[in-house]
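[1] kindly generate the corresponding structure for this input.
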Amino acid sequence: MKQAFIIINEQHMLLKNQVEVLQKAGFEFFTCLVPATGWNLKKIREQARVFELAKKSATKNKRRLEIIFASPVPALMSILSQRGIRFKVFHNDFREKKESPNGKIIMAIAQVGWMLV
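    Alright, predicted model coming up:
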C-alpha cells in the first residue's frame, strides 16, 4: 500500500470525493494539520525537513510516500520544490454557485470533481 501525508488546515476537512480519490489511488493516508493561524517560517522549514527525511526513509525501504496538499502552504511548497521533493495537490475545475437570501452570488467548493495533480 502507498502512504501519503495530507497537509490540511485544521479548520478544513477532506471532502468525501477527495477521500474517494485517495482510496481509489490505493493510499493509506495520515493528516498533517496546519494550525488555523498558520506556521511561522522556522516551523515551515522544520516541517520541510521532516517530510524530506520521511521521503528518503520510504525510498530506502522501497516504499512509496506522497506528500499531498489539501490546503496550500505556499512557503512549504516552495521549500520542498527547491529541495527537489515532489508533491501533489488536490485540484478541481468545477465551481458551484450559490445564491444567498439577499441575492448575492457566492462561489462554493465543489463536492465532486477532485483530482490529484
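[2] for the rest of this, base every contact and every neighbour count on C-alpha atoms.
    Will do.
[3] ok, the spatially most central residue of the chain - contacts?
    Centroid-nearest residue in the chain: residue 69, 1.7 Å away (criterion: Cα atoms, centre = their mean). If you count contacts by Cα atoms under 8 Å, 6 or more residues apart in numbering, residue 69 has them with 6-8, 87-90.
[4] now with 10 Å?
    When contacts are counted by Cα atoms under 10 Å, 6 or more residues apart in numbering, residue 69 touches 5-9, 31-32, 77, 87-91, 116.
[5] okay if I get these as JSON lines plus distance to residue 101?
    Shown next, in JSON lines, are the contacts of residue 69 (distance: Cα to Cα, whole Å):
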{"residue": "5", "distance to residue 101": "39"}
{"residue": "6", "distance to residue 101": "35"}
{"residue": "7", "distance to residue 101": "34"}
{"residue": "8", "distance to residue 101": "31"}
{"residue": "9", "distance to residue 101": "29"}
{"residue": "31", "distance to residue 101": "36"}
{"residue": "32", "distance to residue 101": "36"}
{"residue": "77", "distance to residue 101": "38"}
{"residue": "87", "distance to residue 101": "40"}
{"residue": "88", "distance to residue 101": "37"}
{"residue": "89", "distance to residue 101": "34"}
{"residue": "90", "distance to residue 101": "31"}
{"residue": "91", "distance to residue 101": "29"}
{"residue": "116", "distance to residue 101": "34"}
